[in-house]
Structure formats: C-alpha cells, structure tokens
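Asker: this is a predicted model, with the sequence first.
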Amino acid sequence: MQGKNILIVEDDVKLSQAIAGTIRDHGFTAFESSSPMSAMGLLGRERIDMVLSDIQFDNTVDDNDPITDGYQLLEAIKQKYFSLPVVLMTAYGTIEKAVSSIKNGASDYLVKPFDVDLLLNIVKNNIQVKFSKHTNSDNYISVDKKSIETKKVARRVATTSVSVFIKGESGTGKEVLARFIHANSPRSKHPFVAINCAAIPENMLEAVLFGYEKGAYTGAHQAKAGKFEEAQQGTLLLDEISEMDLALQAKLLRVLQEKQVERLGGKKLIDLDVRIIATSNRNLKEEVKKGTFREDLFYRLNVFPITLHPLRERVGDILPLAYMLLNKHSPSKALELSEKSRECLINNSWAGNVRELENVIQRSIVLCSGSVIEADLLELDELDSQNEQTVTNLTTDLKSHEQDLILQALVSEHGNRKLVAERLGISPRTLRYKIAKMKDQGVPVPSAYRAV
C-alpha cells in the first residue's frame, strides 16, 4: 500500500508537518492543506486515496467559507467522493461527536495526542480497505445483510471438505464465491481449477474432465491430464453442472463415489483428493423431476447448498461493487460517481447482475473525459433496451439456424436419429429434446421422421 496519497487537513502547521513527515517516512505521499476549502480544491486537482482531517479550524477559516469545520468537510467529501476514506482528528472533549460522525461516513477517528503507531495503523487499514479487496484471493464484496450472511456461511463450510452446490442467476458471482471458499479452506495453497460445463462441446467434455492417453481418439497425439488431476489436493469447480449430458453425469458420479479417475484410453486408476464445488443457474430439483439430471448425482453434489442472491436483492452491495470495478478497470485514473449516478445504479433492476454492472462501469470509464462519471454516461435505459433487443434477435436467429441444421440432417440421414445426433455433435437425448421443442413451436417436422 506504499505510494498512496494522503491528504492532511490541519491548521496547526507544526502538527501538520509532523504527521506528513511520519507518513512520508513510511512510503506514503503526503499533501497538506490548512483549511477545508483549500482541501476541496486540492481534491479536485490531485488523486487522493485518504483524508486525515482536523475538526476545528480556528486560524484559517473565513466567515464566507461554506465549509468551516471537519464535519462539514466530511459531508462535502462524501457527496462528491463517496468511496474516499476520511479519518477525523479530535480533541478529547469532542469524542462523542466524532464517534457519531462515523454514521455519516467517517472511516475512523483519532484522539489528540496520538502516537505514531496508532496513526500508521489507521492509515494502513483504511488504504487497504480501499485498494486491496479486488486483488485479494479471497475477495467477496459483502456489505448488504444478505451477502454478509452468505459470506459467513461460506466461510464456515470452507473449513470442511464437503461438496458445495452454489445456486444463483447468471452473473451473480458464483465463481467468485467458489474462489472465496477455496481461499479460506485448508486447500488454499493447492490448485483451484474451474471448468464451465456449458462452454465445452459434449463430445469433448469427458476428455477435458478425465484426461486421455495418447491415441485414445483421433487427434490425441500425446497424453494429457484432466481437470480432476490438475485439481489434486485443491478444489474443482464444475460450473453450470446442469448442462452436462446424462451419460457423462453417470461417469462423473462414479468418479465422485470411487474417488478415482481413469483417463480415456487408459487402464490405470488414479486416486483423487479433490474438493468439489458445483454451480447452476437452474433449479436442479426441477431438472431431476424432468429427467434431465440424475437424482443420485444431485444428492452427491448438494451436500451443502448455498443460494447466491441476485444483485437486485442485495442493494447494499451495488455501490461497493461499482467502486471496486472502477478501481479494477481504471487503476491509473481517479474516477468518482456523481450523486445522480449512484442513485441510478441503486435503482436499476440489474437483470444481468454483477456481470451487467461491470459492463456498465467499463463503458462509463471509456466515455468519461473528466474525473466524475455523470448519470448520462451510464446509459442504463439505452443499454437495457439494446441488450434486450439484441438478445431477442440473436436468440431468434440462432434457433432458426439450429432448426434448419436439424431438418437438413434428418433428410440427409433418412431419419436415423443416431446418425443425425452424431452428425450434429450432440447426444440423442438432446436431439429428441430439440425436435420435441420444434414440434411444440409448430415447426413442421417431416412425418417420416417423427418416430423416435
């Protein structure tokens, strides 16, 4: 945290110089200001990472100044620089008021006279809170009551070895929570390996999971370890597990039960020591009822379920996440959200959850030419309508193209479902499902190909 900029607002020149000297001796950059108004001016010109301000200004405040003390300075800073840590320095007689100022946004307070170690601890702690969260391996923003409770539960289960199932809408941060669990577990020094089951073609997923030996299939020119082996002594995240084919689910279940894996084309059983975390944006109990997910695998994975709430239900996390994303995507440019921007972010529905918020923040950074992101740069309504229309159009086009491919394959393979599935690179179960969907939507499937 060295190299960060601290603004000292103090009208006692000797005290200000002493504090600045101490801070500089420990690797920080110190700026000095003798009045609240001059401090606000300096905040507009320099990137400041923390403010350390006195409360009383007897020698440097003019009667015409709109900001005359540390409390008013705190209010002004929080209106314009919401995420900036502010620590107040106070004499013994005003401690009670200083403590109450924490409710209005102060990060902490120092009672004069204070020793060097206490000063440095407060500075380092406040700088760390502002900058370290998004780079910490066990990062999980939890300000809202719901996410605080989720984090408590996750931290408790992290110390065990049981399988965890995380349910939540797309974009809520299921992988972030999985990484938090791993980082707080006894396995934290070993690998965290993630695989998105929805992103890998069905005919490749088995080889990616379990590995393969040389010559196991066409193109297997050399042996390769699978994700299970890569995650030895660590954690394996099976992201969007509900998208896995039933046949592969059976093989996965066997691996989990036996705690052994055999590479494709191999004959050697490899012992496993891997903690499993699975996620899905679907209700797996409903998938079990529909027959698209194995009940025995569901119970194997669902030992400890955690539901990750959508962003619209944990409003308290929106602004902390927004500021974390600002720091992440604009580390060299000091940017602040205007009061109207903050209001718009809080009131947005966030159908795309944290992923949508990140897109909005990245876009606003590109569009912002100054130091404050105004509400019009967020373009939330425009983005919502554009995204909705784009998704609708894309979905329609993809479905139409997919249906054409299926119908063409049915004709080419004379209705042989097995050959059609192989031609399309999907399982017979998936083919039956898609044809049933087509018929439900009124797509004419040639009568010669209706039989299963």
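Answerer: Cool, got the structure.
Asker: look up the closest residue to residue 346, ignoring the ones flanking it.
Answerer: Among residues not flanking residue 346 along the chain, residue 318 sits closest, at 5.5 Å (C-beta to C-beta, 6 or more residues apart in numbering). All C-beta atoms are positioned from the backbone trio N, CA, C, and that covers glycine.
Asker: and the helices in the stretch 351-452 of the chain, which stretches?
Answerer: According to DSSP state H, counting those that start in this stretch, the stretch 351-452 of the chain carries its helices in the segments 353-367, 375-378, 380-412, 417-424, 428-440.
Asker: hang on, residue 360 packs against residue 378?
Answerer: Yes - using C-beta atoms under 8 Å, residue 360 is in contact with residue 378, at 5.7 Å.
Asker: joint contacts of those two?
Answerer: Common contact partners of residue 360 and residue 378 (C-beta atoms under 8 Å, 6 or more residues apart in numbering): residue 345.
Asker: what number of residues lie near the nearest residue to residue 112 once chain neighbours are set aside?
Answerer: Leaving aside its chain neighbours, residue 112 sits nearest to residue 91 (5.5 Å; criterion: C-beta to C-beta, 6+ apart). Using other C-beta atoms under 10 Å, the number of residues around residue 91 comes to 13.
Asker: now do residue 45
Answerer: There are 9 residues near residue 45, going by other C-beta under 10 Å.
Asker: ok, now which ones touch residue 406?
Answerer: Counting by C-beta under 8 Å, 6+ apart, residue 406 touches 420, 424, 431, 434-435, 438.
Asker: can you check residue 163 too?
Answerer: Residue 163 touches 256, 275-278, 300-304, counting by C-beta under 8 Å, 6+ apart.
Asker: pull out the buried residues from the contacts of residue 406.
Answerer: 420, 424, 431, 434-435, 438 (16 or more other C-beta atoms under 10 Å).
Asker: nearest to residue 40, of the residues you listed?
Answerer: Taking C-beta to C-beta as the measure, residue 434 is the one of the buried ones among the contacts of residue 406 closest to residue 40, at 62.4 Å.
Asker: distance of the closest one from residue 286?
Answerer: Computed as C-beta to C-beta, to the nearest Å, the residue 434 to residue 286 distance reads 19 Å.
Asker: got the buried residues for stretch 198-207?
Answerer: Applying 16+ other C-beta under 10 Å to stretch 198-207 flags 200, 202, 205-207 as buried.
Asker: pLDDT check: weakest of those?
Answerer: For these, the weakest pLDDT value sits at residue 202, with 79.
Asker: ok, that residue touching residue 245?
Answerer: Yes - Residue 202 lies in contact with residue 245 (C-beta under 8 Å); the separation is 5.0 Å.
Asker: between the two, which contacts overlap?
Answerer: Common contacts of residue 202 and residue 245 (C-beta under 8 Å, 6+ apart): 427, 430.
Asker: doesn't residue 30 belong to a helix?
Answerer: No - Residue 30 is assigned strand when assessed by DSSP: H, G, I helix; E, B strand; the rest coil, not a helix.
Asker: where exactly do the strands run in the stretch 151-300 of the chain?
Answerer: Taking DSSP state E, counting those that start in this stretch to define them, one finds strands in the stretch 151-300 of the chain at 164-167, 192-196, 211-212, 224-225, 235-239, 260-262, 269-271, 275-280.
Asker: tell me which of these lies nearest to residue 124.
Answerer: Taking those one by one with C-beta to C-beta, strand 192-196 is closest: 28.2 Å.
Asker: need the residues that contact that closest one.
Answerer: Against strand 192-196 from outside (C-beta under 8 Å, 6+ apart): 175, 178-179, 182-183, 208-209, 227, 230-231, 234-240.
Asker: just to revisit the earlier point, so what's the residue nearest to residue 112 up against?
Answerer: Going by C-beta under 8 Å, 6+ apart, residue 91 touches 55-56, 111-112.
Asker: list just the nearest of those to residue 150.
Answerer: residue 111 (36.2 Å).
Asker: leaving out chain neighbours, which residue sits closest to residue 281?
Answerer: Residue 281 sits nearest to residue 170 (C-beta to C-beta, 6+ apart), 4.9 Å away.
Asker: so for stretch 143-153, mean pLDDT?
Answerer: The model assigns stretch 143-153 a mean pLDDT of 87.
Asker: please tell me how far residue 196 sits from residue 183.
Answerer: According to C-beta to C-beta, residue 196 stands 20 Å off from residue 183.
Asker: likewise for residue 114?
Answerer: Residue 114 sits 34 Å away from residue 183, going by C-beta to C-beta.
Asker: and the two? Which one has more around it.
Answerer: A direct count of neighbours by other C-beta under 10 Å for residue 114 and residue 183 places residue 183 higher, at 17 against 13.
Asker: give me the pLDDT value at that one.
Answerer: For residue 183, pLDDT reads 91.
Asker: ok, residue 166 next?
Answerer: Model confidence at residue 166, given as pLDDT, is 97.
Asker: how about it, what does it touch?
Answerer: Counting by C-beta under 8 Å, 6+ apart, residue 166 touches 174, 177-178, 277-279, 305-308.
Asker: again, 10 Å this time
Answerer: Going by C-beta atoms under 10 Å, 6 or more residues apart in numbering, residue 166 touches 150, 154, 172-178, 181, 237, 239, 277-280, 304-308.
Asker: in the stretch 51-200 of the chain, where is pLDDT below threshold?
Answerer: 92-100, 102-104, 128-139 (pLDDT under 70).
Asker: oh, that last question was meant for the stretch 251-400 of the chain, not what I typed.
Answerer: 381-400.
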